[in-house]
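**Student:** structure here, sequence nowhere to be found:
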């Protein structure tokens, strides 16, 4: 008979039923009893520090669309990046590996296409996948493996009328980049068959410089006063020479002008490296406004994307993850502008996850999570094992009812400046719940120890004679973490330990 069911088919169905039962709440079945795997939407911003959203405590930013992810999911208040720079951080998100393992430790290294990535693994498992927006691995203009749809620019790209590689064809587009990226993502999702899971990786240029405001937001915050942070005029005493030089170069004229009550000279502006002179607080504040105006374009886009999920009735079936690629300095530590350093403003980013089928709404999680954790976590939600080479750990238990499961007791940070490599990093840092130890290794300079409980702004370096026991303990903990991860810079830190 044509519709007869064989014994083998019955056994297979029984095995499938047992498998489905073992997956618990992370999957559900469709009308035909078939496995329904979650969709995955990743919203990745650029140069966004933690406290730049309504839900993360910004004094006047109103971001109800992005905040809705927090209301419907979990906000990680201690989300960190393994290196605070565009390409290395993106490589960590993709690969689940630290920079010294995935090979991307600067912005000038081309991606190794043999490296397994989260989208590649999902694609192999039957997902329809897309990368849309910023890729930023050297000047890499290749189509990458594991994507059904590709639309990316070389490097930073442009805010206005960007040029993009769309499935192998370079195309000049008209409009504002954030809106274009979102339009492409919406079109991609609409084209995916409803019975097939998808993964869309959305890399926004915003809110990276040159801070071209999003359309419709050019005058946002114009009447609001923006004051510099408390450490704006710090001379960075007790910090390494590069920090004292950065602070002095950026802010010496500003401190002098503040005392004298007059604006800095054009020569001081040039000495500041081409950035708006920090002594001119009006100009500094406008730059800050423009960065936030860029971010408002992402807020609008988040609203459009979330509305699409509702329209297609797939909100409950979709993991949405929002994060910055790295933090950003807004004048802290003597007028710093940028990232890279191991201070909280640079390595801490907003991380928010929503998946209504598994993550209870309205949660706040203070456990330390990192960009290297994203790939193994999404695989975990999809019922797929993480490859052995992935070094991150899944935060699924933290978000689904086991707040102490898999909590880190420390987090390792690396910085590779000009001329540095995995064997000779510029900086290694370790952060615990209470302390942070920063080692300047290449070139060697003063060590830094901060008590994050009593000095959250990291202004008082405690790494003096009275704190050597704490410094030694943290170095030993750092070495243990580095050895476990296979970090090739272990000898450099071992030598530092022997000197003390």
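**Tutor:** Ah, there it is. Here the structure is a predicted model, which is why all the values come from computation and not from measurement.
**Student:** residue 221 against residue 60, yeah?
**Tutor:** Yes: assessed by CB atoms under 8 Å, residue 221 is found in contact with residue 60 at 6.7 Å. In this view, the C-beta of every residue, glycine as well, is placed from N, C-alpha and C.
**Student:** neighbour count winner among these two?
**Tutor:** Shown here are residue 221 and residue 60; by other CB atoms under 10 Å, residue 221 has more neighbours (18 against 11).
**Student:** can you give me phi and psi for the more buried one?
**Tutor:** phi 70, psi 10 (degrees, to the nearest 10).
**Student:** so what's it up against?
**Tutor:** For residue 221, the contact set (CB atoms under 8 Å, 6 or more residues apart in numbering) comprises 60, 289, 292, 293.
**Student:** with adjacent residues omitted, what lies nearest to the second one?
**Tutor:** Here the nearest residue to residue 289 in space, its sequence neighbours aside, is residue 221; by CB to CB, 6 or more residues apart in numbering that works out to 4.8 Å.
**Student:** now do the last one
**Tutor:** Counting by CB to CB, 6+ apart, residue 293 lies nearest to residue 213, which is 3.5 Å off, once chain neighbours are set aside.
**Student:** next one: the first one
**Tutor:** If the residues on either side of it in the chain are set aside, residue 60 comes closest to residue 224, at 5.7 Å by CB to CB, 6+ apart.
**Student:** on that earlier part again, selecting buried members of the contacts of residue 221 in ChimeraX, what would you type?
**Tutor:** Selection command for ChimeraX covering only the buried members of these, criterion 16 or more other CB atoms under 10 Å:
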select :289,292,293
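**Student:** format the contacts of residue 221 as CSV; extra columns: pLDDT and distance to residue 445.
**Tutor:** CSV is the format used below for the contacts of residue 221 (pLDDT from 0 to 100; distance: CB to CB, whole Å):
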residue, pLDDT, distance to residue 445
60, 95, 38
289, 97, 35
292, 98, 34
293, 98, 37
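**Student:** I'd like the contacts of residue 221 as JSON lines, with distance to residue 323 and secondary structure appended.
**Tutor:** As requested, the contacts of residue 221 are arranged in JSON lines below (distance: CB to CB, whole Å; DSSP: H, G, I helix; E, B strand; the rest coil):
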{"residue": "60", "distance to residue 323": "22", "secondary structure": "coil"}
{"residue": "289", "distance to residue 323": "23", "secondary structure": "helix"}
{"residue": "292", "distance to residue 323": "18", "secondary structure": "helix"}
{"residue": "293", "distance to residue 323": "20", "secondary structure": "helix"}
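**Student:** residue 407 versus residue 216, what's the distance?
**Tutor:** 42 Å (CB to CB, to the nearest Å).
**Student:** where does the nearest residue to residue 496 once chain neighbours are set aside sit, in terms of helix or strand?
**Tutor:** In space, and not counting its chain neighbours, residue 496 is closest to residue 439: 5.8 Å by CB to CB, 6+ apart. Under the criterion of DSSP states H and E, residue 439 resides in strand 435-440.
**Student:** what ranges do the helices span in the stretch 201-350 of the chain?
**Tutor:** Secondary structure of the stretch 201-350 of the chain (DSSP state H, counting those that start in this stretch): helices at 241-260, 266-271, 281-311, 332-335, 344-347.
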